[in-house]
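*Asks:* I need the structure of the sequence given here:
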Amino acid sequence: MSTLKPETRDKLKAVSTATLASILYKRGLRSQFIQDVRPLHPLKESMVGEAFTLRYMPAREDLNDMSVFRDPEHPQRKAVETCPPGAVLVMDSRKDARAASAGGILVTRLQARGVAGVVTDGGFRDSAEIATLDIPAFHSRPSAPTNLTLNQAIDINVPIGCGDAPVFPGDVVVGDNDGVIILPAALADEIAEEAVGMTAYEDFVTERVREGHTIIGLYPATNEKNLELFAEWRKQNGR
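*Replies:* Residues are numbered from 1 along each chain as shown. Presented below is the predicted three-dimensional model:
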């Protein structure tokens, strides 16, 4: 069952991966941003959900022909049918987009089941179709060949690497138009709270800069007067 608090999910939907990356960096976590993935369509709010993982390995041709899809326990098919609603399916495709990680039918099934999003460090086939769906989907690039060509689905809900980021089942996945970042589950609540405050301050700074103010003493806030102005701004704006 999900342990992600609804209020934490809501907070994370309203903050950016850039803000989260800075907060993680302050905690010594520097490799949580998944490299070289992008959304198939622009997002209006951040994708948020707990990680449910699928791991691919290099295909062994004698064990990876089309007949494997007849097995209801095939890891790729089973992942699509068991990824919990509200979770994000994260696939370790070995950063290899020469063969697809999944296609339009499987991603449509994830959407129908209420999954919060899908991420691969490989590619999707039927990418134009997936781009029309409501489910957030992130990949490296379009790829028409079936996953069986190069990838063999081998395990679900185990620790993986996705785009050089470590992902453990239950970690919190946040994706926006910049990409996808992974929050350690134990830190999600405190990071979300800090991110809300940091986002408010950055909005305040942006407003000040657009008015012509210098960033010196403002960003970062080394001038106490700016913190006083921010406190007033936050009260006025209900932030």
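
*Asks:* and Ile181, what element?
*Replies:* strand 179-183 (DSSP states H and E).

*Asks:* make that Leu43, sorry
*Replies:* Leu43 belongs to no helix or strand when assigned by DSSP H and E.

*Asks:* ok, now which ones touch it?
*Replies:* Listed by CB atoms under 8 Å, 6 or more residues apart in numbering, the contact set of Leu43 reads Pro136, Gly175, Asp176, Asn177. Yep, even glycine has a C-beta here, placed from its N, CA and C like the rest.

*Asks:* in the single longest helix found in the chain, what's buried?
*Replies:* Counting residues, the longest helix found in the chain (DSSP state H) is helix 188-210. Under the neighbour-count criterion of 16 or more other CB atoms under 10 Å, helix 188-210 has 188-189, 191-192, 194-196, 198-202, 204-205, 208 buried.

*Asks:* about what we covered before: what subset of the contacts of Leu43 is buried?
*Replies:* Judged by 16+ other CB under 10 Å, buried ones among the contacts of Leu43: Pro136, Gly175, Asp176.

*Asks:* reformat those as CSV; add pLDDT, secondary structure and distance to Val15.
*Replies:* Below are the buried ones among the contacts of Leu43 laid out as CSV (pLDDT from 0 to 100; DSSP: H, G, I helix; E, B strand; the rest coil; distance: CB to CB, whole Å):
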residue, pLDDT, secondary structure, distance to Val15
Pro136, 98, coil, 15
Gly175, 98, strand, 12
Asp176, 98, strand, 9
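
*Asks:* now the top strand by length along the chain: how far from the chain's centre is it?
*Replies:* For the chain, the longest strand by residue count, based on DSSP state E, is strand 47-58. With CA atoms, centre = their mean, to the nearest Å as the basis, strand 47-58 stands 10 Å off its chain's centre.

*Asks:* between it and strand 179-183, how big is the angle?
*Replies:* With axes from the mean of the first three to the mean of the last three CA atoms, to 10 degrees defining the directions, strand 47-58 sits at 90 degrees from strand 179-183.

*Asks:* can you give the domain ranges for the chain?
*Replies:* 6-185, 190-237 (the TED database).

*Asks:* and the shortest one, how far from the chain's centre?
*Replies:* By that I understand domain 190-237. Here the centre of domain 190-237 is set off from its chain's centre by 26 Å, with CA atoms, centre = their mean.

*Asks:* which of the contacts of Leu43 sit farthest apart?
*Replies:* Greatest spacing in those, by CB to CB: Pro136 and Asn177 (10.2 Å).

*Asks:* now do the shared contacts for the two.
*Replies:* Common neighbours of Pro136 and Asn177 (CB under 8 Å, 6+ apart) are Pro39, Leu43.

*Asks:* now the strands for this structure?
*Replies:* Applying DSSP E to the chain gives strands spanning 38-39, 47-58, 88-92, 100-102, 117-120, 123-124, 137-139, 151-156, 160-162, 165-167, 172-176, 179-183.
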